[in-house]
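# just a sequence and a predicted model for now, questions to come.
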Amino acid sequence: MKRILFAALVLAAAGRTASAQADGKALYGENCAKCHGPKGVPPQTMQKKFERIAMFDAAFLTKHSVDSITKVITKGKNEDMVSFKDKMKPEELAAVARYVHDLAGQAK
């Protein structure tokens, strides 16, 4: 009985993790991809408009933790990056930050 309960808890946690990642991806697509590109590479038009726009690559990953990404998404940065604290819940901001961090880790 204990093993079944443990297995159910593990599966439930795995489902929440997959759901959170999917939510991060969807939220990124809705709120971030226009400027940062669907794969973390900003379109040329955005690169010209915002010279300091972040590209989510290996260099980005070495400088930014999930917490620091969450902070930027929440508070904004300079005049170029707006705050999303009024557009997303704290858990959604964190899900997007995790997705961005994972996306940067996949860049080649």
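Looks like it came in fine. Computed from a predicted structure; not experimentally measured. Numbers count the residues shown, from 1 in each chain.

# how about the nearest residue to P42, chain neighbours excluded?
I53 (4.8 Å; Cβ to Cβ, 6 or more residues apart in numbering). From N, CA and C alone the C-beta is placed, and that goes for glycine too.

# hang on, the one you found is in a helix, isn't it?
No - under DSSP: H, G, I helix; E, B strand; the rest coil, I53 falls outside any helix and is assigned coil.

# helices along this protein, start to end?
Along the chain, the stretches classed as helices by DSSP state H are 2-31, 33-36, 44-49, 58-63, 66-75, 90-106.

# please indicate which of the ones you listed has the most neighbours on average?
Counting by mean count of other Cβ atoms under 10 Å, helix 90-106 has the highest mean neighbour count of the helices of the chain, with a mean of 19.

# can you show me the CA trace of it as PDB?
Below are the C-alpha coordinates for helix 90-106, written out as PDB (Å, rounded to 0.1, in the frame of the first residue of the first chain):
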ATOM      1  CA  PRO A  90       4.400  34.700  -9.600                       C
ATOM      2  CA  GLU A  91       4.300  31.000 -10.400                       C
ATOM      3  CA  GLU A  92       3.900  31.800 -14.100                       C
ATOM      4  CA  LEU A  93       6.800  34.300 -14.000                       C
ATOM      5  CA  ALA A  94       8.900  31.500 -12.400                       C
ATOM      6  CA  ALA A  95       7.700  29.000 -15.000                       C
ATOM      7  CA  VAL A  96       8.800  31.300 -17.800                       C
ATOM      8  CA  ALA A  97      12.200  31.900 -16.200                       C
ATOM      9  CA  ARG A  98      12.700  28.100 -15.900                       C
ATOM     10  CA  TYR A  99      11.800  27.700 -19.600                       C
ATOM     11  CA  VAL A 100      14.100  30.500 -20.600                       C
ATOM     12  CA  HIS A 101      16.900  28.900 -18.600                       C
ATOM     13  CA  ASP A 102      16.300  25.600 -20.200                       C
ATOM     14  CA  LEU A 103      16.100  27.200 -23.600                       C
ATOM     15  CA  ALA A 104      19.500  28.800 -23.100                       C
ATOM     16  CA  GLY A 105      20.900  25.500 -22.100                       C
ATOM     17  CA  GLN A 106      19.700  23.900 -25.400                       C
END
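
# that's all I had, so thanks and see you.
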